[in-house]
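Visitor: My questions concern the predicted model and sequence given below.
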Amino acid sequence: MLSPAQQNELQSAVVHHLADRFDEAAGIYERIRAQAPDDFQVNHLLGALRHQQGRAREALPLLEKARRRMPRSAPTLMCLGLVLSALGRHREAEKALGASLTLAPNNPEGWSNLGAIYAVSARTTEAIASFRRAISLQPDYAPAWTGLGAVLQASGRSGEAVECQNRALELEPQNTKARFARAQALVSLHRPDEALADFDAHLALRPGHHQARSFRLFLLNYRDDFSREELLAEHLAYGRAVEEAAPAAPPPLPNDPDPARRLRLAFLSPDLRGHSVAYFIEPLLARLDRAQFEVVLYHDHYSVDSTSERLRKGAAIWRHFSGWADGAVEDAIRADAPDVLVDLAGHTGFNRLELYARRLAPVQVAYLGYPATTGLRAMDYRLTDAVADPVGETDHLHTESLRRFAPTAWAYAPPAEAPEPALSPGLCGEAVTFGSFNALSKLSASTLALWRELLAAARDARLVLKSSGLDPERFGRQLAAAGLPLERIQLLTMAPDVPAHLACYAKVDVALDPFPYNGTTTTCEALWMGVPVVTLAGDRHIARVGASLLTAVGHPEWIAQSREDYIRIALGLARDRAGRRELRAGLREGLRRSPLLDHAGQAERFGAAVRACWQEWCEKQNTSADAEFCLRT
């Protein structure tokens, strides 16, 4: 039992703890624990604090000791469950939370925390039920509304998610978690301006929340009023903030600087599943030379599907990081000791960019998932091509060294179940139809203005638009405000499966690429379905993806250099009925012969680029070793 003086000290620590002065609280807790190592209170409180700091491995033994001292403490069992979940031990976490709720069945916090654990385990039905149980026990419990909204948003019910976060913010206007979660739901609903406002409000209250700052950077790419220099400045500010928070001296890396040896090549991504990133990385992973590379895959999303299972079979090591705290992920990656770590996420969605600032591998590479710099000096390279990033024109926009490793940076794997191209409206005696199946967020004001001009020039033409999260009423108002003729526009909601989605290209004669944020998967799909694509080449990678893809498939004539050029090319394709008929029949075969579908060649080029990056690191290490030897002798 603690002495009266120690109890007073403990109360002082609790005051610091509740005020989020964690360092002050921890110092007092540690001092008391040194004097009373088996005390229940101090072990519980210090364990809870370490969990709040994201230091789950330190929290675990403290909470386990507290549980041994008081096995029927519902709060200790609840904290223990949260820590186990942060360490990826979700089944054990469920058991601990269940035991806590057996002791305190009417605790809304316990039910809300159990819902969060179900959510990261992809048990959506149970998660929703747990959050609703918490709300039924305490209707004004804001964290349960926030958790329910998050799981609804993750399951595609973004409109309901916004309503849940609105309720949480009514209850607690300063609830940063709710505002962050609402911003994410608004992104899914293609309401980027509202999402940006929420991210800005969130960061005003939590300026050190780098995940929110990262998500905000992703949204800035959609803006057509941001110069590339302004965008770079935002990324550099993020990089400085993250690197200032990283340890000054990260642990040494054990990797042998042998330039010729077999390399452990790891990929970290939330998208090793049915996602567009997987469409482009899977053909490379399948053909990488296993004599040169041992492939390690880190999947960082709760969803595990048939694509995940295919990728898992080709990996020497597969780890599922869903719900893991950053510290646990860092420990796991350091234990694996990859030679090269490739990030496939960048600032898209949830990512682990903060870990790269701590130097997890000798060579760290950004590729595929994000169309701009990470802003991190610790990210060594970015793999791209000379069309998306012309030599000398975009290098200064990156903290990474650009490696233009192939004719095009992508390797597209068409869906095996894709239907054969069907005749489009303009080939069946109907009006020529332009189309775009890109996310609505990409349809910037500049894009809509140009499409208005195009439809004014092609008076009989129609326009078909298709996207996830399309609200016809809301988006119709946006189109009307942009001056587009609604009577000539068809809006399509999402198709039930991939074949049905691709079949919708039968409604399109000429596909239109948006700007400044070009399509990637949508452009490849259109081309595979025999539909020519018109793109406007811009001044940054994100606005030159279309140019890269069209150059790779042998149709640079569809790349516009100006708005007037864009309209000219689109009108030319619309008027060339015979040419479009020929494309419908032959474009797919042209893709098969192009670098875009040269999967074996692309895998070889990718492997060579990775090897070259590794050799540069080895050369630096060996040069440093030689210099140190000379100094000693």
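Guide: Looks like it arrived, so ask away.
Visitor: only C-alpha atoms for contact and neighbour calcs from this point on.
Guide: Will do.
Visitor: Determine the number of other residues adjacent to the closest residue to Thr307 other than its chain neighbours.
Guide: Leaving aside its chain neighbours, Thr307 sits nearest to Arg273 (4.9 Å; criterion: CA to CA, 6 or more residues apart in numbering). Neighbourhood size, Arg273 [other CA atoms under 10 Å]: 23.
Visitor: C-terminal to the helix or strand hosting Asp565, what's the next element?
Guide: Using DSSP states H and E, Asp565 falls within helix 563-575. Downstream of helix 563-575, the first helix or strand assigned by DSSP H and E is helix 577-592.
Visitor: List the buried residues in that following helix.
Guide: For helix 577-592, the neighbour count (16 or more other CA atoms under 10 Å) marks 580-581, 583-585, 587-588, 590-591 as buried.
Visitor: same question, stretch 482-492
Guide: 482, 484, 489, 491-492.
Visitor: What's the end-to-end length of that stretch?
Guide: 19 Å (CA to CA, to the nearest Å).
Visitor: Kindly report the same for stretch 167-182.
Guide: With CA to CA, one end of stretch 167-182 sits 11 Å from the other.
Visitor: Just the closest of the buried residues of stretch 482-492 to Val432, please.
Guide: Ile489 (12.0 Å; CA to CA).
Visitor: helix/strand/coil for the closest residue to the closest one other than its chain neighbours?
Guide: Closest residue in space to Ile489, ignoring its immediate chain neighbours: Leu463 at 4.8 Å, by CA to CA, 6+ apart. Here Leu463 is strand, with the state taken from DSSP: H, G, I helix; E, B strand; the rest coil.
Visitor: Tell me if I'm right that Leu463 and Phe434 touch.
Guide: Yes: at 4.7 Å, Leu463 counts as touching Phe434 under the criterion of CA atoms under 8 Å.
Visitor: still on that earlier bit, quick check: mean pLDDT across the helix holding Asp565?
Guide: Helix 563-575 shows an average pLDDT of 98 in the prediction.
Visitor: For that helix, which residues meet the burial criterion?
Guide: 563, 565-571, 573-574.
Visitor: How about residues contacting it?
Guide: Here helix 563-575 makes contact (CA atoms under 8 Å, 6 or more residues apart in numbering) with 432, 450, 453-454, 458, 509-510, 532, 534-536, 557-560, 579-580.
Visitor: Where strands are concerned, which of these count?
Guide: Among these, the members falling in strands (DSSP state E) are 510, 534-536, 559-560.
Visitor: where do the strands sit along the stretch 351-500 of the chain?
Guide: 363-366, 381-384, 401-404, 433-436, 462-466, 489-492 (DSSP state E, counting those that start in this stretch).
Visitor: which residues sit against the second one?
Guide: Applying CA under 8 Å, 6+ apart, the set of residues contacting strand 381-384 from outside is 364-368, 373, 400-406, 408-409, 613.
Visitor: same deal with the last one?
Guide: The list of residues contacting strand 489-492 from outside it, by CA under 8 Å, 6+ apart, reads 462-467, 470, 472.
Visitor: In the residues you listed, find the pair that's most separated.
Guide: Arg462 and Leu470 (18.6 Å).
Visitor: Okay, domains of this structure per the record?
Guide: 263-404, 425-596 (automatic domain parsing).
Visitor: Can you get me the start-to-end distance on the shortest one?
Guide: Domain 263-404 has an end-to-end distance of 21 Å (criterion: CA to CA).
Visitor: Same question for the last one.
Guide: Taking CA to CA, domain 425-596 runs 28 Å from one end to the other.
Visitor: related to what we said a few turns ago, what about the residue nearest to Ile489, how many residues close to it?
Guide: Leu463 has 26 neighbouring residues, counting by other CA under 10 Å.
Visitor: now do Ser562
Guide: So Ser562, with other CA under 10 Å, has 13 neighbours.
Visitor: Can you tell me the closest non-neighbouring residue to it?
Guide: The nearest residue in space to Ser562 (CA to CA, 6+ apart) is Leu536, at 6.7 Å.
Visitor: Please report the distance of the one you found from Leu470.
Guide: 24 Å.
Visitor: Can you pick out the residue with more neighbours from the two?
Guide: Shown here are Leu536 and Leu470; by other CA under 10 Å, Leu536 has more neighbours (26 against 20).
Visitor: so what's the more buried one up against?
Guide: 513-515, 543-544, 546-547, 559-563, 566.
Visitor: Looking at those, spot the one nearest Glu30.
Guide: Ala543 (53.6 Å).
Visitor: Please name the nearest non-neighbouring residue to that closest one.
Guide: Pro516 (4.8 Å).
Visitor: Any of the contacts of Leu536 buried? List them.
Guide: Judged by 16+ other CA under 10 Å, buried ones among the contacts of Leu536: 513-515, 543-544, 546-547, 559-560, 563, 566.
Visitor: Please identify which helix or strand holds the closest residue to Gly314 other than its chain neighbours.
Guide: Nearest non-adjacent residue to Gly314, counting by CA to CA, 6+ apart: Ala286, 6.9 Å away. Taking DSSP H and E as the definition, Ala286 sits inside helix 276-287.
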